[in-house]
Structures are given as C-alpha cells and as structure tokens.
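> With the input below, show me the fold.
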Amino acid sequence: MKRLLKTALPPLAAVLIVVLLLSKNSSPVFSPLPDASFAAQATPSPVRHTAHFITYQGESTQLVPAGEALTLPQPEAPEHYRFIGWRDESGTLVTETALPIEGECFFAAVYAVALGSEEHIPYFRPDPSGRALPEQSVSRREWAQVLYSLLEAPVESSERFSDLPKNDPCYAAACALKTLQVVSGDAYRPDDALTQGELLSMLACFYPPCTETPAIDGIAADDALYPAYALALARGWLDSQTPYAAEPEHPMTRLETAKLLNRLLDRHGPQPEAEALVGSITDMEAGSEDWREMAEALIVHSYQLENGAERWTDSRPMTHYDDGLLMLGTELYYVENGQFLCSAERGGLSFDAAGRYTSGDAEIDALVQARLAEFLTEDMEPEDRLYAAFQYTVHNIRYRKGRIYSRGDISWEKEVALDVFENGHGNCYAFAVMFYEFARALGYDAQLISGLTLNVDEEYTNHAWVTIEMDGVVYTFDPEMEFQGHYVNKDYEHYFKMDPALTSQRHYFP
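Sure thing, here's the model as predicted:
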C-alpha cells in the first residue's frame, strides 16, 4: 500500500488526489487508505484472483475467476462528497467500469467534495440597487466566494496568499480553495478578471477526467487546459458546436458564468410566469432566458421538478419596484416596466447607462452624492428630502461677493457649481446652483433662473434662484434670500416653495 501512497498521478489527476484520512477533511479529493502495505502478498490462486478495494469505510475484497474481467463497484461516498473513481497501484485513476486482471490487485476509492446540492442557494449577489450586472466581469475575488459557497462541505484552511489580507472578503474562500488544491501559488490576484480557462480548470478539479478527445479550436491536445475543456464539453457545460472555439483568456461575465454553473448544477431557473417569486431585477427584461439564468443565480428559492422541469414554489424575492422615480440611498433611478431606465431621459431628467440620474457632469455628480449622504435619511418623504436640501444649502455656504451675470444667462452653472461644492462659498448664484443640483438629483425638474429681485432699498438687482413646477403650480425657491433673512437682516421670511403671489412681487423673471 505504501507504493500506492507514493505513486504519482498524471497532471490532471495529480491536481485531484491527495491522500488523507477522512477526519482531515482538507482536500477536494481524498483516498482513505489504512497504514497497511500493498507489499503484503496473498497466496495467488490458480483459479481466482483477489481484488482489494479500500474505501473510507474500510477494506473489502472480490474474487475474480481467471480470464474474466473485474467489474469495479460503485461505493457509497461520505456525506457532502462524491465518489470519483478508483486509483490502482500505479497511481492511475481508473475510468473503466470493467477491466481484465492477471493477479491480485489493489484499488483505493477517490472522493471529491461535492459541488452544489438539492438546495438552490444563490451564488451571486445583486448590487444594492437590485441590478444583476449580467455583463460585468467576474473578478477572481468574487469567483472564490462563488465557488466556495457551492461546496457541500465547509473546509478549514491554514493556507495563505501574499496578496490577501485577512480582512479581504475572499480570504477564507481563496485559502480553502488552496487547501483543496483548486488553486496554487504564492499570490491569488483577487482583482484580476476570471478567465474562461481559469474557471474551467478549477471546476475540473472536482470531477474525474474525460476520456473523450473532442476537437477544440485554440487548444492543442497537449495543452495543460485541454483536459478541462474536454471535460466541460463532455458534461455539457459549454455549447457543443464542433469544433468548439476555446477562448482561454476571455474574461467571464456574470451571465456567462451563471449559464455555465446552472448547467453544471442542473439548475434551470424560474418559469416566466414566476415573476412574482423573482421580484425586480432592475437591469434585465423580465421573463427572458437571460433573466431566468440570473434569477437562478441570485435568489434563494424552493422548487419542484415536474416532467423534468423546475417549478419554483417559494422564494425570497428581490424587492419589487413600482414604475416611476425611485430613490435608493442617495441615488435616483427611474423604473419602467420593472427595469431601470438607462441612457435616456424622463421628466426632464437624464439617466446614465447604469440607470442612475446624472447632471451630465461626472465630477458634479460625485460632489452632489457626497453632500446628499450628509443629510438624507431613509425615512424621508420626497418633499422632506427637498426641504432638507434647501436648509443644507442655506446653512452650509459662506456668503462671498462674486461675479454678477446678465439676466437670462445660466452658462455659469457648471463653473459655479464646481466652485461652491468644493470651496463652500459664493453669492446668490452659488446658493441657487447648489440647491438646483440637489433638487434635480432628488427627482425634481428644477430650473435655474437668472433674473432680478428687489433688494433692501426696493431696487431691482441681478439675482439667481430656482423654480420647480409641482402639481401644475410653479414655485420659487430662493436659498440666498433665506440666508440673508436668517443671518443678515434678521427679518426672516420663508423662501422655500414661495407663495406665487409673493414671488411676483419680489422676483422679476428674464
């Protein structure tokens, strides 16, 4: 038996097999062999040969008449493991179910930690706004967590990587995969995109090698990745066009990875009519094939098999969003038919490729988001948010004299906005533009006005403010006048959502 323990395996099988006692539970594949020796010879029989089979439960024997083939048994596997095959005395993983023998022989069972289970747990996570991000590349950090979540048995590890601190989200998962010999090396490269070749070579560690030799464009038969591609094709993980065009350096997207894993795990996704059990996947068309693939990857659910088809019976669906404006944290979206509106306009507001509101200037957007986070709370109603933005503007700008602009001229918007958000001071144009950017980011089609107003001497002077139409009425919002009344003149008046009659007396539009 010591000869069996010391024998080398072919390259792929060498990745698979580590000889350990079951109690160690630290390899994806183990071969539980007692401390006996294959050198112990039984008395050969001229009529029958003895085949010895060592499993995690112990040793059994089978007598085989001379000249007949040995039928290899299919032993039970420990909980959370799969039986992979038998390893013979030469260290070879035997893939045949029957083989001729010429004398006494020994075989050790090989087991692998099982991937997947009857429970359909989610292995991807949506982003905080409910997006599946199907076209986003999968990083090696995310992949380690995905693959580890699919193992039936937890794995403890003492392994380390030089580029993974203990507080990294994938630290435990990546180290466990190193213990399982799914990955190796000193560095894990967590920020790199997961390639097709890497994904398949890691998954191949959990299955016996394929005996078929399909034609694969881009991968030679002697390439180290060829066995993994052959296995994936044989098991139906990949589309089986002939010849298959391999792209080993292709960065895998979340959708591509979900499709492959769903095939591997024999998971089929919800039927289109099960939309209520899915909720809102806000960046995908409900009921489409791609939507089904990502729903299977994202949502925990129970199911029944009916005529070979998966039918969802219960789930923890993603949040359903009604059509219209949607505020998630500090970000504004527009929902239309259950999806985020992307790269389009609605109600005078623009939404980017990710569905988020945008002013059209990424620098201003970032500055606005940072300020909104200072005063918005989850329990605020829409007009409460607007009032909070108005008060923030009034109390967080230091008045400073500055350039005066002509009536009707609002070309200064971006320049003044950047200055006031970065430096926190300015005149009426600064007050107006800060509130204007806030109001639009909160879902109001605010308009920036450069006109005239009555000063303390009852004379018209150049001035800037904001208007918003609400329920068919155009209201004026003047944060700089509110500032003057509160801090300077001590003659406080309410300039938030001003009475239109008062506006007509004080504000002259261009």
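> low pLDDT regions in the stretch 101-250 of the chain?
By pLDDT under 70, the low-scoring segments of the stretch 101-250 of the chain are 242.
> list the helices and strands the host helix or strand of residue 59 packs on?
Secondary structure from DSSP states H and E places residue 59 in strand 58-65. Contact partners of strand 58-65 among helices and strands, from 3 or more CB pairs under 8 Å, 6 or more residues apart in numbering; DSSP states H and E: strand 48-55. (Each C-beta comes from the backbone N, C-alpha and C, glycine too.)
> related to what we said a few turns ago, got the angle between the strand holding residue 59 and strand 48-55?
160 degrees (axes from the mean of the first three to the mean of the last three CA atoms, to 10 degrees).
> Strand 58-65 - what's its average pLDDT?
The predicted model assigns strand 58-65 a mean pLDDT of 94.
> Repeat that for stretch 274-282.
Rounded mean pLDDT across stretch 274-282 is 89.
> Contacts for the strand holding residue 59, please.
34, 45, 47, 48, 49, 50, 51, 52, 53, 70, 73, 101 (CB atoms under 8 Å, 6 or more residues apart in numbering).
> looking at this, residue 227 is in a helix?
Yes. Per DSSP: H, G, I helix; E, B strand; the rest coil, residue 227 lies within a helix segment.
> Look up how far residue 184 lies from it.
Using CB to CB, to the nearest Å, one gets 17 Å for the distance from residue 227 to residue 184.
> Between those two, tell me which one has more neighbours.
Neighbours per residue, other CB atoms under 10 Å: of residue 227 and residue 184, the larger number sits with residue 227, 22 against 10.
> got the contact list for the one helix or strand residue 448 maps to?
Using DSSP H and E, the element containing residue 448 is strand 447-454. Contact with strand 447-454 is made by 405-410, 413, 429, 432-433, 436, 460-468, 478, 481, 505-510, as judged by CB under 8 Å, 6+ apart.
> Can you give the distance from it to the centre of its chain?
47 Å (CA atoms, centre = their mean, to the nearest Å).
> Give me the buried entries from the contacts of strand 58-65.
Buried members of the contacts of strand 58-65, scored by 16 or more other CB atoms under 10 Å, are 49, 50, 51, 52, 53, 70, 73, 101.
> now, among those, which is nearest to residue 297?
residue 73 (36.6 Å; CB to CB).
> For that closest one, grab phi and psi.
Note on residue 73: its backbone torsions stand at phi -80, psi 160 [degrees, to the nearest 10].
> Can you give me the distance of it to residue 139?
Counting by CB to CB - residue 73 and residue 139 are separated by 43 Å.
> quick one: the strands in the stretch 1-150 of the chain?
With DSSP state E, counting those that start in this stretch as the criterion, the stretch 1-150 of the chain has strands at 29-30, 48-55, 58-65, 69-71, 81-87, 93-94, 98-100, 105-113.
> Quick check: which of those strands is nearest to residue 189?
Across the strands of the stretch 1-150 of the chain, closest to residue 189 is strand 105-113 (CB to CB), at 23.3 Å.
> Run me through the strand neighbours of the closest one, direction for each.
strand 29-30 (antiparallel), strand 48-55 (parallel), strand 81-87 (antiparallel) (DSSP bridges).
> how about JSON lines for the ones you listed, with mean pLDDT and distance to residue 277 added?
What follows is the strands paired with strand 105-113, written out as JSON lines (pLDDT from 0 to 100; distance: least, CB to CB, whole Å):
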{"stretch": "strand 29-30", "mean pLDDT": "50", "distance to residue 277": "37"}
{"stretch": "strand 48-55", "mean pLDDT": "95", "distance to residue 277": "42"}
{"stretch": "strand 81-87", "mean pLDDT": "87", "distance to residue 277": "30"}
